[in-house]
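Undergrad: I'll drop the sequence and a predicted model, then ask my questions.
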Amino acid sequence: MAISVFRFAPKTWGDADEVEAVAPLPLPSMASPTVILSALMVLFLLLFVTVGPLLWKQSPSQQWLSQISDGASSAYSVRIVSDNGAWRPSAKNDLPRGLTVHAANTEYVRLHWPKLAGVERYRIYRGDANKPGLGLAMADTGDNYYQDRLQLSREVYRYTIADAETGLLLFAREVRPEPAMSAFEAQLQGLIPLGGNEEWVDIPAHPLGTDALGRDILARLMAGGRTSLFVGVVAPLLYISFGCIFGAIAGLMGGWVDQLAMRFVDFVVALPFLLFMILFRVAFGIGPGENGIMPLIVAMLMLSWPGSARLIRGQVLALRSQPFVEASRIAGVGTSKIILRHMLPNVLPMILVAFSFAIPQAIFTEAFLSFIGMGVSPPTTSWGALCNDGIKTLLSHPRQLLLPALLISMSVLAFNILGDALRDATDRRSGVVRA
Amino acid sequence: MLNFIAKRLLSGVITIWFIATATFFAMHAVPGDPLTQEKAMTPAVRAQLEARYGLDKPLFDQYRLFLGNMLKGDFGISFTQENRRVNDIIREHFPISAILGVAAVLIALVGGITAGSVAAYCRNRWPDRMVMIAVIAAISVPGFVIAGLAQLVIVAMNNAAGKTLLPVAGWGSVSQIWVPALVLGLGTMAYLSRIMRASMLEVLSADFNIAAKAKGVHGWRLFFHHQLRNAVLPVVTELGPTIAAITTGGFVVELIFAIPGLGRYFVQAVQQLDYTVIMGTTVFYGAFLVLVVVLVDISYGLIDPRIRLHRGRS
Amino acid sequence: MSLLNLESLQVSIGSVQAVRDVSLSLQPGECRALVGESGCGKSVTAMSLLGLMPNAAETAAQHWQFAGRDMAHLTERDWRKLRGNQIAMIFQNPMTALDPTQTIGAQIAEPLRIHKGLSRRDAKKRAIALLERLAIANPAQRAEQYPFEFSGGMLQRAMIAMAVVCEPELLIADEPTTALDVTVQAEVLCLLQEMRESSGTAMLFITHDLGVVAEIADSVSVMYAGQTVESGSLTQVFTTEAHPYTQALKRAVPSLENPRPLEAIAGTPPDLRKPPTGCGFAARCSQRMAVCEQAPPPMSVGDSHIARCWLWHEDHPRRWRDKDGFTNASVIGRSRR
């Protein structure tokens, strides 16, 4: 391959513009999908416990005794029926054509049928309409009527009347009882005023069902979340602030103050955390009418501050010997200004990261204590306390444990992911001094 | 080395004293006194009870008595279970908690180290992703929920099989140990596998790992002699807090699985405000945990020659 | 028959073409220096020679022979038998390259146990003997100690012991003296030279220190931006440097006999995620030409002296005179100053 002479002529190239600049590697940004999702999750949970109760105006402590451990239900009206015990059809209805239903509600189902010649005793069966078979034998009777008051619910029943002696099936009919409540019970639950004669009362919807005491789970989740998140945010806020001040004083004073302070920190760290949380919680006790949130927070404050105190002290000590701090001190900058200008901006990201990791920790602690009954006291509730309620009905109604557990896990997960992202971001962007 | 062990033991003893003192004064800060919780009683009975529990003496004397008794290993008599000594309760129920705890720690250690190593080896591939998702799930779900879920799963399995494959709760047979132990160790296992993954990743990119490969070391020899030994050090330091977490986690697991361990008695005592039992078990657990931390510290020194030799000299 | 013959090695790690075109050859017992600034692909080349690239890396070579074997299609099992046995490596930083949790003796004995199947005791004996040869006092006692108890120079000696214990045919030394104090450097170099001469091992000595090169090497390859830009014997490359990069490199080294102002090489090496299509050095070259937009192939400067620069193309005007026998390489090299 021959090359033209001119190609060997010296060439001056444009300085930089001819060399194509390659973009530097992009910093992994904080706005990854998981982080955004976690932030949304936190936002959702906060809205759930703050705005939620405004939109969902059920009282978390209202018991719907007719709906114990129910599944999801929509709103419906209930007929108030008077509760007058025995029933027999009036005389003019003495001869129905076939099996007649005089009344069908969840308080009672009244059946009436024509007397048949040669049948001495009738046997009444009640079964689920969707299942084959006669179902439960309710009664044997010589009368041609029957009132069923046995734990009726709003499903379709099939009543079958048979000859008690021969077993011959005589009549069958499907019945759907309408929701009803006795006046006595309605008054007991405070749904109607005493002596009132309302015919209908409205039962609200329970989108997530009710718990073992008939309380609306959605409302309880909102109320419980308020406690859990309140403790989860306020307790770390307090103990990290305290720890920071403690650590900063120790680090700034140095000398024997620092030594003494750090020995004390060593001892507090050595206390087994949950054990002493329980102990302090017992020691503070709960007076009548108190909700137990304050003792919880104080106990957490007393036991959790050493972590941040150590962190901040280490940072302050490291920063104090940094050239840029020494330079400003030599330049005559005052201590307060050094703290404000140099210490704070360097320490703040770490505090923020510590805070974001402390939140899930605090939520967990609160849940644990409430679960063993050492957290908030009723009627105040929390997600942990809800789990405690729910575990009792775990095998029959797992929903009552799983729903609050889901919310705890969601919040812990979201805060953990945010904390991770925050830590990565501060690690990378600022030249944070590592102790 | 002996110097180092002596130092650690001394600081351990001081810490136990601090724990005992904190326990004593916390319990005496309780509003009212323990006996007011009981039913109304005549002054004579009350005085008798006070004398029995030493509550009639001045606070400092009580403290001295408490410390003295503790030194003798005597934690007093239960308030709610008449005539039952706290020592007996501990002696009877702690071994059960200990068996459960040891099983849980073993499961957590083996599982965590394995999962973390696998994840690090398969970095950013599906085994890693799966381990990390499992880790995040296990860290975010409280222990008592995991215990509940485990029971649900067992019930569903038993129903599907039509016979009792695994007992849902209780204590006594080997098959009743491992499900609670797994549940108890799961959170810790997740935590340890996260640490193990990070430290294994560091080891995998370390110079000495490449140098070992350049020597022709490979396979299990490379893993056990060079990688595991270095990567496991941070896990060992976490062993103390791990055992503490598993001990306190045991309270809930014992409660849910109806295991007659000390943790369940502690929770019961707390719920019934049985002061001597609370105090006794707290000091016992505290001392136990401090001892564990000291032992872990010493064993860490044995594994890591840098610490073994340096600290020993200083 | 050369020990190692490597032609046009290419390694890309993800999007980075760390090594674009590296050719090396070593005779048995020869010491070749591989020179270049950091990030030019020296260490990657060394790792490829050991077959120790990460899975994500893609390695290809036109021709790759070691001790008569075709290396391009070696299985991992074959590589393991080779590593530490026939090819060994000395790492840059002995402080991090030795396993902190194993005794020095065990680490030196390890290749013997793997490759020679020696018992623990025999291997330990050999290791101690080797430490003694490397002038370490109390070798038996020292062998029981851990890396953190050794000084930097002693660690590097242990590292050398670890590499030569199986008497490999090729020893790769990746900047073995950079992490050491200047006072220890000479000592370690001497030892290396001694070990090499006594066992007849060939050595690939990677460094950016030209002074060390002059001390130890028989021949030199200069790397720039993932390519070998010049290679030849020590005298060829050092006295009649042919590539503008080598010339610039030499001007950047202080000299005692001939004090002159030092010249830094302006600009920065190209980004290997997007390597230039033409000559990699053109952007920083004081002698660039229009033709430099094209990638130069390796061109012969003299007897076994090769440079990857258009200046040495047979059509270059200066070579016309050369063809007529007027001048030689050194004149051209210097005339450009």
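TA: Nice, thanks for sending it over.

Undergrad: and residue A:290, which of the three is it?
TA: With DSSP: H, G, I helix; E, B strand; the rest coil as the basis, residue A:290 sits in coil.

Undergrad: now do the same for the residue in chain A positioned nearest to chain C: helix, strand or coil?
TA: Per Cβ to the nearest Cβ, the residue of chain A with the smallest distance to chain C is residue A:7, at 3.9 Å. Every residue, glycine included, has its C-beta placed from N, CA and C. Put simply, residue A:7 is helix when judged by three-state DSSP.

Undergrad: show me where the stretch 101-250 of chain C has its helices.
TA: Assigned helices in the stretch 101-250 of chain C, in chain order: C:104-111, C:120-133, C:139-142, C:152-164, C:182-199, C:210-216, C:234-239, C:244-251 (criterion: DSSP state H, counting those that start in this stretch).

Undergrad: report the angle between the fifth one and helix C:120-133.
TA: Here helix C:182-199 runs at an angle of 120 degrees relative to helix C:120-133 (axes from the mean of the first three to the mean of the last three Cα atoms, to 10 degrees).

Undergrad: which parts of helix C:182-199 are buried?
TA: Within helix C:182-199, the residues scored as buried using 16 or more other Cβ atoms under 10 Å in any protein chain shown are C:184, C:185, C:187, C:188, C:189, C:191, C:192, C:195, C:196.

Undergrad: OK, contacts around the fifth one?
TA: Translated: residue C:189. Residue C:189 is in contact with C:177, C:212, C:215, C:216, counting by Cβ atoms under 8 Å, 6 or more residues apart in numbering or on different chains.

Undergrad: from those, which is closest to chain A?
TA: Out of those, the member with the shortest distance to chain A (by Cβ to the nearest Cβ) is residue C:177, at 30.0 Å.

Undergrad: pLDDT added to the buried residues of helix C:182-199, as TSV?
TA: Formatted as TSV, the buried residues of helix C:182-199 follow (pLDDT from 0 to 100):
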residue	pLDDT
C:184	81
C:185	83
C:187	83
C:188	83
C:189	86
C:191	84
C:192	85
C:195	82
C:196	82
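
Undergrad: reduced to three states, what does the closest residue to residue A:136 other than its chain neighbours come out as?
TA: Spatial nearest neighbour of residue A:136, excluding adjacent residues (Cβ to Cβ, 6 or more residues apart in numbering or on different chains): residue A:126 at 5.3 Å. Under three-state DSSP, residue A:126 falls in the strand class.

Undergrad: quick check, pLDDT for residue A:126.
TA: Predicted confidence (pLDDT) for residue A:126: 86.

Undergrad: if we can go back for a sec, make TSV out of the helices of the stretch 101-250 of chain C and add distance to residue B:247.
TA: Output for those, formatted as TSV (distance: least, Cβ to Cβ, whole Å):
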stretch	distance to residue B:247
helix C:104-111	38
helix C:120-133	41
helix C:139-142	44
helix C:152-164	43
helix C:182-199	51
helix C:210-216	59
helix C:234-239	69
helix C:244-251	64
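
Undergrad: quick check: mean pLDDT of the helix or strand that contains residue B:230?
TA: Using DSSP states H and E, residue B:230 maps to helix B:229-231. Helix B:229-231 shows a mean pLDDT of 87.

Undergrad: which residues touch that helix?
TA: Contacts of helix B:229-231 (Cβ under 8 Å, 6+ apart): B:116-117, B:120, B:196, B:199-200, B:202-203, B:206, B:208, B:303, C:99-102.

Undergrad: closest to chain A out of these?
TA: Once Cβ to the nearest Cβ is applied, the member of the contacts of helix B:229-231 that ends up nearest chain A is residue B:202, at 15.3 Å.

Undergrad: for burial, what's the neighbour tally of the closest one?
TA: By the measure other Cβ atoms under 10 Å in any protein chain shown, the count of residues near residue B:202 is 14.

Undergrad: quick one: contacts for it?
TA: residue B:231.

Undergrad: helix, strand or coil for it?
TA: helix.

Undergrad: for chain A, what lies in contact range of chain B?
TA: Contact residues, chain A versus chain B (Cβ under 8 Å from any Cβ of the partner chain): A:267, A:270-276, A:278-280, A:282-285, A:287, A:360, A:364, A:367-368, A:371-374, A:384, A:387, A:390-391, A:394-395, A:398, A:401-402, A:405, A:408-410, A:412-413, A:416.

Undergrad: restricted to helices, list these.
TA: A:267, A:270, A:273-276, A:278-280, A:282-284, A:360, A:364, A:367-368, A:371, A:384, A:387, A:390-391, A:401-402, A:405, A:408-410, A:412-413, A:416 (DSSP state H).

Undergrad: and for the residue nearest to residue C:39 when sequence neighbours are not counted, the neighbour number?
TA: Spatial nearest neighbour of residue C:39, chain neighbours left out: residue C:269 (6.4 Å); criterion: Cβ to Cβ, 6+ apart. By other Cβ under 10 Å, 19 other residues sit near residue C:269.

Undergrad: then residue A:5?
TA: 11.

Undergrad: do the same with residue A:140
TA: Neighbour tally, residue A:140, other Cβ under 10 Å: 13.

Undergrad: pretty sure it is in a strand, no?
TA: Yes - residue state for residue A:140 (three-state DSSP) corresponds to a strand.

Undergrad: gap between it and chain B?
TA: 36 Å (Cβ to the nearest Cβ, to the nearest Å).

Undergrad: just list whatever residues bridge to that residue.
TA: Note on residue A:140: beta-bridge partners residue A:123, judged by DSSP bridges.

Undergrad: got a list of what it touches?
TA: Contacts of residue A:140 (Cβ under 8 Å, 6+ apart): A:121, A:122, A:123, A:124, A:164.

Undergrad: does residue A:98 touch residue A:111 like I think?
TA: No - using Cβ atoms under 8 Å as the test, residue A:98 is too far from residue A:111 to be in contact (10.8 Å).

Undergrad: more crowded one of those two?
TA: Between residue A:98 and residue A:111, counting by other Cβ under 10 Å, residue A:111 is the more crowded of the two (26 against 12).

Undergrad: thought that one was touching residue A:101?
TA: Yes - the pair residue A:111 / residue A:101 is scored as a contact, 6.1 Å apart, by Cβ under 8 Å.

Undergrad: next, show the common contact partners of these two.
TA: With Cβ under 8 Å, 6+ apart as the test, residue A:111 and residue A:101 both reach residue A:173.
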